[in-house]
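Chemist: how would this look folded up:
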Amino acid sequence: MMIVGRIISGIGVGMLSTSVPLYQSEVAPAGKRGKYVVLNHVGFVAGLAAGFWVGYGITFWEGSQYNVYISWRVSLAVILIPCVIFGVGLPFLPETPRWLIEHGHYDTAHKSLYWLREGSFTESEIDAELAHIRENVETHRISGEANWLSLFRDRNLFERLWRASLLQFMAQMCGATAMKYYLPTLFAKLGLPTRVTLMAGGIESTLKIGMTVIEMFLIDRLGRRVTLTAGCVAMGFAMLINGVLGQVYPDNTNSAADVVCIVFIFIYALGYSMGFGPAAWVYGSEIFPTSVRARGLNFSASGGAIGSIVVAQVWPVGIDTIGSKIYFFFMAVNFVCIPIIVLFYPETKGRPLEDMDLLFNKAIGGIEDVDEHSEPVLPKNASRPSQS
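Modeler: All right, here's what the predicted structure looks like:
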């Protein structure tokens with residue numbers, strides 16, 4: 001029963017983990033797109049923190065055998081609360097204007113965009129944005145890029161696909177999966193009792209919520225590449241400290257060193273929440289054209305799934321065989337990611353989704369920084385939508 005339940009819930013999580021950032025990227029104004037897509041990761045880490053705190057609270061549920069029988073079921077049933085809220089709220093959300101235009105519902109697309117922009121944009125700006133979206137959709141439809149095979153056949157699209165997939169892969173290979181799956185076990189190896197390990201996991205995840213909220217306000221100011229590289233530096237340095245202290249003071253022979261290791265695990269978590277955690281989804285959700293955006297994001301998410309599987313198998317074996325030296329492996333992964341991001345990932349902050357073609361046409365053959373203040377190509381007689 002548990003295995004079947006995990007499979008079913010895994011399918012649901014797989015669908016939502018790509019659909020939510022996809023929706024957010026398509027409805028957000030260009031200048032605030034990063035902020036809105038990062039909200040997805042805020043919800044993710046909030047759910048993770050809630051899971052740790054529920055686990056911690058259940059440890060106090062003691063008593064008869066019946067209580068033990070009920071307690072773990074209650075911990076799983078808590079999941080129904082956000083599921084019900086999510087399910088009840090979905091019918092009240094409008095479909096994205098880009099999807100509506102792609103399927104020929106132009107009047108409904110205008111109503112949807114007006115609903116999303118009313119109060120922040122003038123009607124002429126909304127009409128100009130809608131015309132820009134429609135022109136882009138029609139262009140890709142004429143070129144035949146609506147077919148998912150174009151992600152592999154068209155060089156421009158494949159340039160985006162491998163970048164998004166590699167970014168998701170690196171986001172897991174940096175060690176995030178190990179920290180997510182094995183954090184209580186990791187704290188236990190540092191000498192913490194079971195109940196305290198769950199509490200420490202809750203504290204760590206709660207701190208990540210705060211850091212991700214800060215990231216919401218930074219990613220559209222500093223850009224995707226800056227936050228990604230800064231996160232890699234923080235994570236790599238945290239892994240280095242944990243690896244060195246584990247070698248200098250093996251088998252928890254120094255309590256002060258163990259405390260420092262715990263602190264740097266928190267620093268690692270903050271680095272992930274500032275970098276790969278939200279930014280990988282932001283980047284992947286914004287670089288594909290409307291006709292293949294959903295397919296491109298789904299394919300790239302599979303890169304993260306592969307990285308997650310690899311790390312989930314490598315980490316426990318590494319801890320058991322080489323001990324704290326496994327931290328050096330993940331340290332190296334984080335530091336290697338830095339030049340890859342700098343060299344192969346063009347900055348996308350502040351650019352309308354319809355301008356990604358121009359950006360990646362320039363990127364083929366080498367990254368060229370494009371001024372984010374340059375004007376996109378709009379239909380004739382249309383004014384540029386406000387970015388405010």
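Chemist: Arg225 and Phe344 touch, don't they?
Modeler: No: Arg225 is beyond contact range of Phe344, at 10.1 Å (criterion: Cβ atoms under 8 Å). For every residue, glycine as well, the C-beta is placed using N, CA and C.
Chemist: quick one: which of those two has more around it?
Modeler: The neighbour count for Arg225 versus Phe344, taken as other Cβ atoms under 10 Å, is higher for Arg225 (20 against 15).
Chemist: Report the contact partners of that one.
Modeler: With Cβ atoms under 8 Å, 6 or more residues apart in numbering as the criterion, the residues that contact Arg225 are Ile341, Val342, Tyr345, Glu347.
Chemist: What's the first helix or strand after the strand or helix carrying it?
Modeler: Element membership for Arg225 (DSSP states H and E) is helix 224-248. Counting by DSSP H and E, the next helix or strand C-terminal to helix 224-248 is helix 255-274.
Chemist: Can you name the residues in contact with that following helix?
Modeler: 41, 45, 174-176, 179, 183, 186-187, 190-192, 200, 203-205, 207-208, 211-212, 214-215, 218, 227, 230-235, 237-239, 241-242, 245-246, 248-249, 252.
Chemist: that older thread, which of the contacts of Arg225 sits closest to Gly87?
Modeler: Tyr345 (35.8 Å; Cβ to Cβ).
Chemist: Contact partners for the closest one?
Modeler: Contacts of Tyr345 by Cβ under 8 Å, 6+ apart are Arg163, Leu167, Arg224, Arg225, Leu228, Tyr283, Ile367.
Chemist: Now it, what are its backbone angles?
Modeler: Main-chain dihedrals, Tyr345, degrees, to the nearest 10: phi -120, psi 110.
Chemist: how near is it to Leu270?
Modeler: 22 Å (Cβ to Cβ, to the nearest Å).
Chemist: Now do Ser17 against Pro346, distance only.
Modeler: On the measure of Cβ to Cβ, Ser17 and Pro346 end up 25 Å apart.
Chemist: oh sorry, the question was meant for Met2
Modeler: 44 Å.
Chemist: quick one, which of those two is more surrounded?
Modeler: Neighbour comparison, Met2 and Pro346: the larger count goes to Pro346, with 21 against 7 (by other Cβ under 10 Å).
Chemist: so the more buried one, which of the three states?
Modeler: Following DSSP: H, G, I helix; E, B strand; the rest coil, we place Pro346 in the coil state.
Chemist: Just give the number of residues close to Phe60.
Modeler: Phe60: 8 neighbours (other Cβ under 10 Å).
Chemist: Kindly apply the preceding question to Glu62 instead.
Modeler: 9.
Chemist: Ok, Met199 next?
Modeler: 20.
Chemist: Output the lowest mean pLDDT helix or strand found in the protein.
Modeler: helix 176-189 (a mean of 74; mean pLDDT, DSSP states H and E).
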